[in-house]
Every structure is written in structure tokens, then in C-alpha cells.
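**Q** Sharing a model prediction with you, sequence too.
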Amino acid sequence: MIYRGFVVLILAVLLAACSVNPVSGKRDFVLMSESEELALGRQHSRQVMTRYRAYDNASLQRYIQSVGDRLAAVSHRNTLPYRFTLLDSTEINAFALPGGYIYITRGLLAYLNSEAELAAVLGHELGHVTARHSVRQHSLSTATQVIGGLMTAASGVRELGKVSQLLSQGIIKGYGREHELEADGLGVEYLVRAGYPASAMRKVITILKNQELFDKQLAAEQGRKPRAYHGVFSSHPDNDRRLQEVLSRTVEVPRKSVGRRQDEVFLKRLAGLTYADSEQDGVIRGRTFYHAGLDFKLNFPKGWLIKNTADSVVAITPSNDAFLQLSMESRPKGLSSRRFLAAKLGQVAVLSEKSLAVAGRVGHSMLIKGKTPYGAGKVRVAVIFDDQRAFLFHAAVKEAAGFSRLDRRFLASIESFAKLTRADKRLSKPLKIQLTRLGSEVSSLRSAIKRSHIPHHAEERIKLLNNIFSKGKLKSGDLIKIVR
């Protein structure tokens, strides 16, 4: 009888929490009011901006907002105070928070080729907000945790609570296929209402799928798992039946056929957009990492893959069997470089050590036994001090037999740490997207690729930038995005 009572209680809670969905008109399970949704969005937006920063271009920020406003005005929740922000990130991503906080990265913007495509990205994310996807997930997650607690307390059986926790964790991992498809459909609807062609959504999804295909190629070369935007489509968009059904639900107003025409106004807005690493995070040129703000450069082993992340720079062998990582933290007062390193490492077996004097800066290096991503083994660690910062190095190899040979490369990289020269400061400037016209400035796509300063896979990346990766071609007179 006690379980029946809890079932009745749970059903009563679920029914009481239902509200009308602004999009479908049906009743959804929601545990928060609109004002609470706005407050949750503000809270999460502050967290987002501790990880990211807004792209430093006021004109481009206003433009992103204006396109978003045009879509929001014809949406199902046109009274929300929407904020559309361009993030200074190389990630190829866009996402939405509760209450109308919508973000797109410059990493994704670079690959778009029309305002309609930008509107399709923003319209998709707007669909997540208007359909209250994040609010519904948050409510379900909260409910499963509460219900799990009630069931555990009533039964005394802890496994019931564990099952509920697993369910909750599954719900909050991200939007499922149904929600992504609904957001695509809503995005198409908003595109058409705002006067954009519905076909822009299919183009955007094709752009993202091509990025996924290219990343699979890179992942195979680098020995890692591939990444997928939103992780939704396992096939190409043209072959995805459910996606085609969603995209065909909205009939757009027939337009006079004028053939393929570039949106040159939009493309010209992208001229000067930072491509790849920003000056604030440091840039990679060949095998050298330059950081103008911190006034240093560092050479990594030739042929290694270099990744610049938010909190470190990592170089990895092409076969993924050795790495060298550089990170940074504040320099502690009153500690020598040796004592700092010893305190950082704790109780470890030190095999050898030596002082460093690099570019007029003091440091210390140790060879220790410790944990690595490959298991227990030898680790090369080092620190270099400047006035305010401690630059930390960690390096390891997968096969112990190859450590001595690779350790010489580790030490050579660490000891290449140097201040920037005048020539280096020019090299520390980030790459930018530039436009050139086919047939005048450049005679062919191949010559445009040669003019780009992309160090790896330049042909594939230029084709992705101009949306001709899997099919399509440019014609004489077209504007081409290159990178210099």
C-alpha cells in the first residue's frame, strides 16, 4: 500500500507541474516559471563567460544580434529578451541557454557563406529556447532525483535510488535526436517567416556533416576518437530520412530562380575574422608556439601535432605515443624553482635533476617515476620562472624503450623557450580570413590554396571554408575565402 501511495503522490506532482508548451500547445512537464527560467539563464551565462570570451569586434557582434532579433521577432516566444553573442573560440559550435542566451563561435561562423546560413544556425538554437528543451530536461532531471530519493526513503532499497540517478544522468547529457530534429524544424519555420530560404538549414547541416567527415579523417591520422557536432546524424544529411521529413514540413514562398549567387555582403563581413588561434591565446606557426602577451616562444619537435587549448599547449607524436605539455600558473612567492617543482610533485622517485637557465629566466628540471596517460613510467617535468608566472612542462612516452631518445627532444623543446624578437612579434599575429576573387587575383582554387598560410590540410580546410568539400565548385568571379 505504501508504494501505491507514493505512485499517487508522484503522479500528482507530475500533473501539477505540467504547463503548455509555447510551440506545440501541448502540456509539458516543467518545474519552473518563465522568470525562474530567465534567472537560470543568467546564472549559466555567467558560467559560460568564465570559460569563453566575446569576440572583440563590436560591429560583428551587432550584426549577429540583428540577425538573431529578426528571427526572434517571428518566433513562438518573441517577448523574451534574447542575447546573441559571438564567442572568441576555435570550436565549431553554437548553443543555447534557458531564457534566450544564444551563442555562436567564430570557429563556426568562419565556415558559413551567407546570412541565411547564419540565420539557420541561430534559428536552430532559437528553437531549443522556444520549445523549452533545456527547461524540460532540467525539470525531468530534478524530478528523477527527487522521486528517486522518495522511493529510496520509502523502500529502504538503495538500488532504486541508483537507477533513478542513472536516468537523471542520461537525461542531462545533452539534447536527444527528437529535440535536435524539432529545433531544425522550428529553425526552418523561423527562417521562412523572417524571409530567408528554408534551404539554408540543409546547407548548414551539410557544412557541419562535412566537418564531421573531415574530423574522422584527422582522428584516424591522430589515433583518437572523432568528434561530431551535437552528435546527431550518423549518415549524410541528404540520406537522413527523418531529417528530410522535418525539413520538408515547411513550404517556403516560391522564389524567382536566379541560379547560384554568392552573398557577397555577408562574405565581406567575415574579412578579417580571426582563423584558428587568437593573439590572446598564442598562435602556432609551423612547429613554434608564439605568445605576444607573455613575450615568449617555444619550439616543439618537428612533425608533431600541436594543440592550443584554453589552459595548455600540447604537442603529440603523429602516432600518439608521446606528448609534451606546457601549462602556466602564478609564480609562488618565496619558493625557488626546485622547491616549487618538488612541492608540486609531492612524494615521487626522482631519477635525476638539473637547474635551468633559459632566456635569462631561472628554472629546474627533473626526471621522475610517476603516472602518465600510458600508465606508470618515466616523466620529464620542468618549470621556468619569469617575474610573475611559472611555466610548467610535463612529458611522457608510451614505450619505455624509446624514452631516452624522445627525452632529448623534450629537453631541446624546453630549452628553446625564449623571448620574442621583433621578427617573432610579427609572426605572433593570428591568421585572418581574407577574400580574393577567382579569375582576377587568383587563377584557380589550387592557386588560392597556395596563397593560404594554413600549415596542415590546407586544401581540405579551404574547401570546407568555401563549402565545396564534398561537392560543388567555384566559378570565375566568385569570392573565395583564404587564410593569411
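**A** Good, I have the coordinates. Residues are numbered from 1 along each chain as shown.
**Q** What count of nearby residues applies to His453?
**A** His453 has 14 neighbours, counted by other Cβ atoms under 10 Å. In this view, the C-beta of every residue, glycine as well, is placed from N, C-alpha and C.
**Q** Could you look up the SS state of it?
**A** Secondary structure, DSSP: H, G, I helix; E, B strand; the rest coil: His453 is coil.
**Q** Just give the closest residue to it, not the sequence neighbours.
**A** Arg484 (5.2 Å; Cβ to Cβ, 6 or more residues apart in numbering).
**Q** my guess is the one you found meets Leu431, correct?
**A** Yes: with contacts counted by Cβ atoms under 8 Å, Arg484 reaches Leu431, the gap being 6.7 Å.
**Q** Neighbour count: these two, which is higher?
**A** Legend: neighbour count by other Cβ under 10 Å for Arg484 and Leu431, higher for Leu431 (20 against 12).
**Q** For beta bridges, what are the partners of that one?
**A** Counting by DSSP bridges, Leu431 is bridged to Tyr275.
**Q** just checking, what packs against the host helix or strand of Glu459?
**A** For Glu459, the element it lies in under DSSP states H and E is helix 458-465. When contacts are defined as 3 or more Cβ pairs under 8 Å, 6 or more residues apart in numbering; DSSP states H and E, helix 458-465 packs onto helix 199-222, helix 445-451, strand 479-483.
**Q** For that helix, give me every contacting residue.
**A** With Cβ atoms under 8 Å, 6 or more residues apart in numbering as the test, helix 458-465 has contacts from 110-111, 207, 210-211, 214, 217, 433, 445, 448-449, 452, 454, 469, 480-483.
**Q** still on that earlier bit, who touches both of Arg484 and Leu431?
**A** Joint contacts of Arg484 and Leu431 (Cβ under 8 Å, 6+ apart) are His453.
**Q** Give the residue spans of the stretch 251-400 of the chain that score low on pLDDT.
**A** 251-260 (pLDDT under 70).
**Q** what ranges do the strands span in it?
**A** Using DSSP state E, counting those that start in this stretch, the strands of the stretch 251-400 of the chain run over 274-275, 283-285, 288-291, 296-299, 305-308, 312-316, 322-330, 349-358, 361-372, 375-385, 389-397.
**Q** Adding mean neighbour count as columns, could you present the ones you listed in TSV?
**A** Formatted as TSV, these follow (neighbours: other Cβ atoms under 10 Å):
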stretch	mean neighbour count
strand 274-275	24
strand 283-285	19
strand 288-291	21
strand 296-299	22
strand 305-308	18
strand 312-316	19
strand 322-330	18
strand 349-358	13
strand 361-372	18
strand 375-385	20
strand 389-397	21
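**Q** Save the ones you listed as CSV, and put in distance to Glu180 too.
**A** Listed next are the strands of the stretch 251-400 of the chain as CSV, based on distance: least, Cβ to Cβ, whole Å:
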stretch, distance to Glu180
strand 274-275, 28
strand 283-285, 33
strand 288-291, 37
strand 296-299, 41
strand 305-308, 28
strand 312-316, 31
strand 322-330, 34
strand 349-358, 50
strand 361-372, 38
strand 375-385, 38
strand 389-397, 38
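**Q** Of all the ones you listed, which one is nearest Phe266?
**A** Closest to Phe266 of the strands of the stretch 251-400 of the chain, according to Cβ to Cβ: strand 274-275, at 16.6 Å.
**Q** the helices in the stretch 51-200 of the chain, which residues?
**A** Under the criterion DSSP state H, counting those that start in this stretch, helices of the stretch 51-200 of the chain are mapped to 58-72, 106-109, 115-130, 133-155, 158-171, 177-193, 199-222.
**Q** Map the structural domains onto the sequence of the chain.
**A** With domains defined by automatic domain parsing, the chain comprises 2-238, 262-276+430-483, 287-416.
**Q** Tabulate those domains (JSON lines), appending distance to Glu245.
**A** Output for the domains of the chain, formatted as JSON lines (distance: least, Cβ to Cβ, whole Å):
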{"stretch": "domain 2-238", "distance to Glu245": "9"}
{"stretch": "domain 262-276+430-483", "distance to Glu245": "22"}
{"stretch": "domain 287-416", "distance to Glu245": "39"}
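**Q** Mind checking those domains for the one nearest to Ala423?
**A** Between Ala423 and these, the shortest separation by Cβ to Cβ is 10.5 Å, and it involves domain 287-416.
**Q** so how far is that closest one off the chain centroid?
**A** Relative to its parent chain, domain 287-416 has a centroid offset of 26 Å by Cα atoms, centre = their mean, to the nearest Å.
**Q** try stretch 118-136
**A** 18 Å.
**Q** Mean confidence (pLDDT) on that stretch, please.
**A** The average pLDDT for stretch 118-136 rounds to 88.
**Q** Glu329 contacts Gln388, doesn't it?
**A** No: using Cβ under 8 Å, Glu329 makes no contact with Gln388, being 10.4 Å away.
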